[in-house]
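Peer 1: Structure for the following, please:
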Amino acid sequence: MTRSEEILSKKSYPKKPVIRKLGTISCNNIVETTPIVFRGELYRFEVVRRKSFTSACAGMATRWHELDDDPCLRFIHVRTNTSTPLFAEKHTFGFPIVVDDTMYVVTGASRDWGADTLAFFRSDDLIHWEKYTEVHLPGWKIFNMNIAKMGSTYTLMVEINAPEEECGPRPFTFRFLQSADMTSWTLTPSECVFQKDRYAGSPALYTLEDDPHYYVGYLEAYPGDCYANCIARSADLIHWEYSLLNPVLMYDEYEDKKIASPFLTPEDRAYINGALDINNSDMELCEYLGRTIIYYSWGDQLGHEFLAEACFEGTMKEFLTGFFE
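Peer 2: Have a look, this model is predicted:
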């Protein structure tokens, strides 16, 4: 079915869930973050540079992969704005998931972009971490990643730009692995792929109870090197339904540049005010106290990147299904 046929086949159309942008909370290039609830508290998972990104860096224009100090991981306790100890030295990108009151993290086992090995860590207290398994995919270049559970199966979605036979001629794209125990992972068949015909970045993967769909948040490229978050879904990881209400988040300098953190200095605020905003990317969600928490990045995708917060006044089920039903 063509896009025109899909639109004409609809008897009624969904109303786009209302997202309220709260504003910028950080300007130190820590932008690919994940909100997650652990033991009743809201945290923000971050990938940072030990020296460059753990102190105030307003005005820094150096891109992530041009820095020479080692990346590592941490969690920020949102209510107190305090950090857990850094862990996973020389690991890049990552994603957390809570399983049976234990925090698991998957990350790329490389200090550089484009890992061919995934490392899996777990912790009961966010302080002491055990690396308990690795997955090797020789010849692959893996960037961001996400995990979601449907029934008894965990699905790991990875953003790749190599090998070409897996990602297509216009990377990036998303491929999938699955596991029953978060330890032994099997690569799905090659037809299980998202948007192989054109760019797809900023992967996010969600599942809902009693819903057969995998919901994928992704970054769509628009003319003029501009980017916006969009959403699609699939029941088999092969055939994809794109929301008629895309994009989910579009850049808006008046909304994105609002100040949402009391910890931003006058220098930070001036830097935010003068920055170019042609990008909303890296949208990540979680549900907390009946509200959908949204973190996303805005900036120019050229080294001036900012972390912002938004919310939807409802559950994640209402939010995700609202773009389709």
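
Peer 1: Against residue 293, how distant is residue 164?
Peer 2: 37 Å (C-beta to C-beta, to the nearest Å). For glycine as for every other residue, the C-beta is placed from the backbone atoms N, C-alpha and C.

Peer 1: cool, and residue 96?
Peer 2: 14 Å.

Peer 1: Then residue 306?
Peer 2: 17 Å.

Peer 1: Compare the two (neighbour count), which wins?
Peer 2: residue 306 (26 against 22; other C-beta atoms under 10 Å).

Peer 1: Now do the same contact list for the more buried one.
Peer 2: 24, 26, 27, 31, 256, 272, 275, 297, 298, 299 (C-beta atoms under 8 Å, 6 or more residues apart in numbering).

Peer 1: in a helix, that's where it is, yeah?
Peer 2: No. Per DSSP: H, G, I helix; E, B strand; the rest coil, residue 306 lies outside any helix segment and is strand.

Peer 1: so it bridges to which residues?
Peer 2: residue 298 (DSSP bridges).

Peer 1: mean confidence score for stretch 93-110?
Peer 2: What stretch 93-110 shows for mean pLDDT is 97.

Peer 1: cool, stretch 316-323 as well?
Peer 2: The model assigns stretch 316-323 a mean pLDDT of 98.

Peer 1: Quick check: residue 177 vs residue 239, distance?
Peer 2: Residue 177 is 19 Å from residue 239, by C-beta to C-beta.

Peer 1: higher neighbour count, these two?
Peer 2: A count of neighbours by other C-beta under 10 Å puts residue 177 above the other of residue 177 and residue 239, at 20 against 9.

Peer 1: Might you report the residue contacts of that one?
Peer 2: 135, 155, 156, 158, 185, 186, 187, 188 are the contacts of residue 177 under C-beta under 8 Å, 6+ apart.

Peer 1: Tell me the pLDDT of the second one.
Peer 2: Translated: residue 155. 98.

Peer 1: Help me confirm that it comes into contact with residue 178.
Peer 2: Yes. Between residue 155 and residue 178 there is a contact at 5.3 Å, judged by C-beta atoms under 8 Å.

Peer 1: After whichever strand or helix holds residue 156, which helix or strand is next? Please name it.
Peer 2: According to DSSP states H and E, residue 156 maps onto strand 153-162. As assigned by DSSP H and E, the chain's next helix or strand after strand 153-162 is helix 164-167.

Peer 1: which neighbours does the helix or strand just after that next one have in its sheet, and in what orientation?
Peer 2: Next along the chain after helix 164-167, taking DSSP H and E as the criterion, comes strand 173-179. According to DSSP bridges, strand 173-179 forms sheet pairs with strand 153-162 (antiparallel), strand 186-187 (antiparallel), strand 193-194 (antiparallel).

Peer 1: Please compute how far the second one lies from its chain's middle.
Peer 2: I take that to be strand 186-187. 21 Å (C-alpha atoms, centre = their mean, to the nearest Å).

Peer 1: same deal with the longest one?
Peer 2: Strand 153-162 sits 12 Å away from the centroid of its parent chain (C-alpha atoms, centre = their mean).

Peer 1: So what touches the strand holding residue 156?
Peer 2: Counting by C-beta under 8 Å, 6+ apart, residues outside strand 153-162 touching it are 97, 106, 114, 118, 139-149, 166-167, 171-182, 185, 194, 200-203, 205, 207, 214, 216, 237.
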